[in-house]
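A.B. asks: Sharing a sequence plus its predicted fold:
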Amino acid sequence: MALKITVIGTGYLGATHAAAMAELGFEVLGLDVVPEKIEMLSAGKVPMYEPGLEELLAKHVAGIEGSSGRLRFTTSWEEIGEFGDVHFVCVNTPQKHGEYACDMSYVDSAFESLAPVLTRTALVVGKSTVPVGSAQRLAELLAEKAPGDVELAWNPEFLREGYAVQDTLHPDRLVVGVTSERAEKLLREVYATPVEEGSPFVVTDYPTAELVKTAANSFLATKISFINAMAEICEAADGDVVKLAEAIGHDERIGKKFLRAGVGFGGGCLPKDIRAFMARAGELGVDQALTFLREVDSINMRRRGHMVELARDAVGGDSFLGKRVAVLGATFKPDSDDVRDSPALNVAGQIHLQGGQVTVYDPKGMENARRLFPTLGYAASALEAVRGADVVLHLTEWREFRELDPAALGEVVTSRIVLDGRNALDGVKWREAGWTYRAMGRPRA
């Protein structure tokens, strides 16, 4: 008999996972405690922008003409318990307010609600990013409160925003923390298609599975902050960080990815994950093992302040008062509408607080940006954003921005000065159009 799958939590991770499981051929039931979200998903709509996700939902959500009907959504825990053989928990683990530590309240609440309705044999699979040691505690909770024969497995997610559908259907690796052959067998059945396509299937214990995600994010954050530290050196020594990155990237021990210097990383994962990792290391008595992550975090935050300084210098060096600043980008990365801990909005906000008249444009993140920073100015296009600007800041590397016509933009600005906070624009093209082009870590480029 074919496995039936449930997904607890239908945010960014959960909605993607539910749609992908339906695409792999399973009957899927998604649960969320927010009725409006369930209503939206049941209509084949998503509350966030993620390329390909809405199309995948429409392909499988029951009630949509031409769909497979394999995907439904509910707010009923009892229905989840009756339906599922494998239950994926995909709820959020934000940073605690005022602390580095991870807020486990959503995960704990999900397990507390799920356990009593598991009256038959089932496998619960955690996908949330949690502090190491959480899985063992949650396994004990299930053993105590679930009436049926229930096991726990841990299966961390490695989704990249903008590529989430592909990363779920064709993962570069699958990691499962299990305590029995039965749990491993069930997860091999769930992921049979990607495994047959060649995705590595790594079987481990709970602690290692929990550590994989935070270790991976910490490594990536370190690589980004390393090249940004080199950008600081290049600024002081008159070097070119882009050429430096190109040269060291040819060393296959280092690789070329994540070596683009700029205003640094943001989003809902890397910043909070490395901080939670440091906090957990302290609780385990091994805080010295991760003290380097404090500098990684410090370098990252320093980049934002440096862009503000570059912008102030560009408009005269004394003050932003009476100056118009255009910011191209609001999301923390392209192909997403996520503005959580966005370097672009952080820079825009700092300049606004220092008296600058800031106008922001982003292809997909405008609504979320307005909710977070309602006092900033917003424009409907890049051209409108730069109209009358004394300086233009490029802070999110959308393809649309790389393809802008600098000559056309030059006709409407007050001063043709562009600061490339992502080292992604064609400096030659902008200079030929009469712009002063300045990129981070490239004082003479």
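C.D. replies: On my side now, so go ahead.

A.B. asks: Tell me which stretches of the stretch 151-300 of the chain form strands.
C.D. replies: 174-177, 201-204 (DSSP state E, counting those that start in this stretch).

A.B. asks: Quick one: closest of those strands to Gln350.
C.D. replies: Gln350 lies closest, by CB to CB, to one member of the strands of the stretch 151-300 of the chain: strand 174-177, at 38.4 Å. (Each C-beta comes from the backbone N, C-alpha and C, glycine too.)

A.B. asks: Give me the helices and strands touching that closest one, please.
C.D. replies: The helices and strands touching strand 174-177, judged by 3 or more CB pairs under 8 Å, 6 or more residues apart in numbering; DSSP states H and E, are strand 150-154, helix 181-190, strand 201-204, helix 206-237.

A.B. asks: Pick the most deeply packed of the ones you listed.
C.D. replies: Ranked by mean neighbour count, the helices and strands packed on strand 174-177 are led by strand 150-154 with a mean of 24 (mean count of other CB atoms under 10 Å).

A.B. asks: so what does that strand touch, helix or strand wise?
C.D. replies: For strand 150-154, the packing partners by 3+ CB pairs under 8 Å, 6+ apart come out as strand 122-126, helix 134-145, strand 174-177, helix 181-190, helix 206-237.

A.B. asks: now the ones you listed as CSV including distance to Ser105?
C.D. replies: CSV is the format used below for those (distance: least, CB to CB, whole Å):
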stretch, distance to Ser105
strand 122-126, 15
helix 134-145, 12
strand 174-177, 22
helix 181-190, 26
helix 206-237, 18
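
A.B. asks: Identify the residues contacting Leu152.
C.D. replies: Applying CB atoms under 8 Å, 6 or more residues apart in numbering to Leu152 gives the contacts Leu123, Val124, Val125, Gly126, Ala135, Leu138, Ala139, Leu142, Thr179, Ala183, Tyr206.

A.B. asks: close enough to count as contact, the fourth one and Arg137?
C.D. replies: No. Using CB atoms under 8 Å as the test, Gly126 is too far from Arg137 to be in contact (11.0 Å).

A.B. asks: between these two, who's got more neighbours?
C.D. replies: Neighbour count, other CB atoms under 10 Å: between Gly126 and Arg137, Gly126 has more, with 29 against 14.

A.B. asks: separation between the more buried one and Lys256?
C.D. replies: As judged by CB to CB, to the nearest Å, Gly126 and Lys256 stand 33 Å apart.

A.B. asks: cool, Glu197 as well?
C.D. replies: Taken as CB to CB, the span from Glu197 to Lys256 is 25 Å.

A.B. asks: And those two? Which one has more around it.
C.D. replies: More crowded of Glu197 and Lys256, by other CB under 10 Å: Lys256, with 13 against 10.

A.B. asks: Give me the distance between Leu187 and Ser109.
C.D. replies: On the measure of CB to CB, Leu187 and Ser109 end up 24 Å apart.

A.B. asks: Same question for Thr75.
C.D. replies: To Ser109, Thr75 is 14 Å away according to CB to CB.
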